[in-house]
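Enquirer: mind looking at a prediction? Sequence and model below.
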Amino acid sequence: MGKQSWKAGNMLNPVPAVMVSVADQNHRPNIITVAWAGTVCTNPPMVSISVRPSRYSYEIIEKTGEFVINLTNEKLAKACDYCGVVSGRDVDKFKKTGLTPVPVEHVKAPAIAESPVNIACRVVESHPLGSHTMFVAEVLGVTVDDAYLDETGKFDINGTGLIMYSHGEYFALGKKLGKFGYSVQKKKK
C-alpha cells in the first residue's frame, strides 16, 4: 500500500454543516453557514465555531458575544448552502430562504424554527488563528423539535436526518455501524 506526503492542510472530514444565527445590536437577524464547529468541553458545556473576519456575521459575534448554532438536516440542506454563499450585508437570509427566526432563552440572537436542534451560546474566548478566528462559547441552553421525541420523551437526534459537509460537498448521514463501546462489549448468550 502506497502513501503520498502532501503539504499541511485541513483534511479532517466530514464535519457538521450548521447554520449559526446572530442578531446585530439593532436586532437585525442573520444566518451564516459554518462547517468548522465542534464540541470543546462537556462540563461546562462548551463549543467552538471558526469564522473568517471578512464575514458579515463575524463583526456581529464580536460585538454581541452571542450566537445560536442550528443543526441542519436534509430538509435544510439547500438553505444551509445558500446561507454560506450569500452575504447578510446584501440579503435578508431569513426572508430569502423562508426560514423562521424564533426567540430562545439566554441570548438575543434568534434560533431557526425549522432546525431540529438550537444551541444558544455566549462567547467566552476568541482566538485569531490566521484565516479564521475561533470563538469558544459556553452553551447556555438547548431547544429541540418535539417532533423527534418518542413516547417516553427521549430525543432521537439520529432520526432528524442531520447532514455533514466533506471537502465541498454535503452528505446525509449513513447507516449505523455500532454504538459507543461496541468493540469491547461482551456477547450476550
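Expert: Yep, that arrived.

Enquirer: show me what contacts the residue lying closest to I60 once chain neighbours are set aside?
Expert: Once flanking residues are discounted, I60 sits nearest to V22: 4.5 Å by C-beta to C-beta, 6 or more residues apart in numbering. C-beta coordinates here come from the backbone N, C-alpha and C atoms, glycine included. Residues near V22 by C-beta atoms under 8 Å, 6 or more residues apart in numbering: P29, N30, I31, I32, S57, I60, I61, T64, E66, F67, V68, A109.

Enquirer: out of those, which comes closest to V40?
Expert: Among the contacts of V22, F67 lies closest to V40 (C-beta to C-beta), at 14.4 Å.

Enquirer: show me the contact partners of the host helix or strand of that closest one.
Expert: For F67, the enclosing helix or strand under DSSP states H and E is strand 66-71. For strand 66-71, the surrounding residues in contact (C-beta under 8 Å, 6+ apart) are 16, 18-22, 31, 34, 37, 47, 49, 57, 61, 104, 107-112, 115-123, 135, 137, 160, 162.

Enquirer: can you confirm C80 is in a helix?
Expert: Yes: using DSSP: H, G, I helix; E, B strand; the rest coil, the assignment for C80 is a helix.

Enquirer: what about it, distance to P128?
Expert: Remark: distance between C80 and P128 (C-beta to C-beta, to the nearest Å) = 26 Å.

Enquirer: so between the two, which is more surrounded?
Expert: Higher neighbour count among C80 and P128: C80, with 27 against 9, using other C-beta atoms under 10 Å.

Enquirer: that one and T72 touch, don't they?
Expert: Yes: with contact defined as C-beta atoms under 8 Å, C80 counts as touching T72 (4.5 Å).

Enquirer: shared neighbours of these two, anything?
Expert: A17, V18, M19, I163.

Enquirer: so what's the first one closest to, chain neighbours aside?
Expert: Excluding its sequence neighbours, the residue lying closest to A17 (C-beta to C-beta, 6+ apart) is Y165, at 4.0 Å.

Enquirer: show me what contacts the one you found?
Expert: Here Y165 is in contact with N13, P14, V15, P16, A17, A35, F171 (criterion: C-beta under 8 Å, 6+ apart).

Enquirer: what bridges to the fourth one?
Expert: So the one you mean is P16. Bridge pairing for P16 (DSSP bridges) gives the partners M164.

Enquirer: which pLDDT value goes with it?
Expert: Note on P16: pLDDT of 94.

Enquirer: what's the local residue count around it?
Expert: Other residues close to P16 by other C-beta under 10 Å number 17.

Enquirer: correct me, but it touches T39?
Expert: No: in this structure, P16 is not within contact of T39 by C-beta under 8 Å, at 9.9 Å.

Enquirer: any idea what I49 is bridged to?
Expert: Under the criterion used here (DSSP bridges), I49 is bridged to A37, F135.

Enquirer: list the buried ones in stretch 158-175?
Expert: Buried positions in stretch 158-175, judged by neighbour count with 16 or more other C-beta atoms under 10 Å: T160, L162, I163, M164, Y165, Y170.
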